[in-house]
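[1] Sequence and predicted structure, then a few things I'm wondering about:
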Amino acid sequence: MPLVRIDLEDSIPLEVRRAISRGVHSAVVDALAEVPEEDDFQIMSVHAPGELTFDPSYAGPAPPVRREAVIYIEILIDGPHDREIKRALYENVARELDTVGIRRDDIFMALLTNGPDDWWAGSSTDGS
C-alpha cells in the first residue's frame, strides 16, 4: 500500500492535476508488482506561486526547471526494493507525466521505504 504525496503549483489546471495523479498511480502499479490497482492512496497539495522552492539548475544547465511547473513527488512504500525497481519506478513516473505535458526536468521525486510494522490502516490490521 504505497502512500504518495504530490506537491505542485495551483496554476496547474485541475484536469492536469487529475491526470498527474492517475499517471503516478499507474507508474507505481507498473513498477511494483506487489501493488494492486485498487491501492490508490494519494495526498495532492497545491501551492501558491513562490511556496515551492528549488534550485532551478539542479537538473543541469539546460533546459532549466520552470518555476511554475515543478512537481514534487514523494512515494512511501513497504520494504526494500533493488535499484532496478526504483529506477523503473522513476522512469515510469517520468514517462506517464510526459503524456500530460510534464517535462522530466520539472519532476523532483523521492522514494522512501519502511516495514510492515510502520503501517496502520484502520480495521484492516489486527492491532498487534
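    Looks like it came in fine.
[2] residue ranges with poor pLDDT in this structure?
    Residue ranges of the chain with pLDDT under 70: 58-68, 124-128.
[3] tell me the secondary structure for the spatially most central residue of it?
    Residue closest to the average C-alpha location in the chain (C-alpha atoms, centre = their mean): Ile73, at 3.4 Å. Here Ile73 is recorded as strand under DSSP: H, G, I helix; E, B strand; the rest coil.
[4] The closest residue in space to it that isn't next to it in sequence: neighbouring residues, count only.
    Distance criterion C-beta to C-beta, 6 or more residues apart in numbering; nearest residue to Ile73, sequence neighbours excluded, is Met109 at 4.4 Å. Glycine gets a C-beta too; all of them are placed from N, C-alpha and C. Using other C-beta atoms under 10 Å, Met109 is surrounded by 17 other residues.
[5] Is Met109 within a helix or a strand, and which one?
    Following DSSP states H and E, one finds Met109 within strand 107-114.
[6] Give the buried residues for that strand.
    107-109, 111 (16 or more other C-beta atoms under 10 Å).
[7] CSV for those, including distance to Ala27?
    Below are these laid out as CSV (distance: C-beta to C-beta, whole Å):
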residue, distance to Ala27
Ile107, 11
Phe108, 15
Met109, 10
Leu111, 12
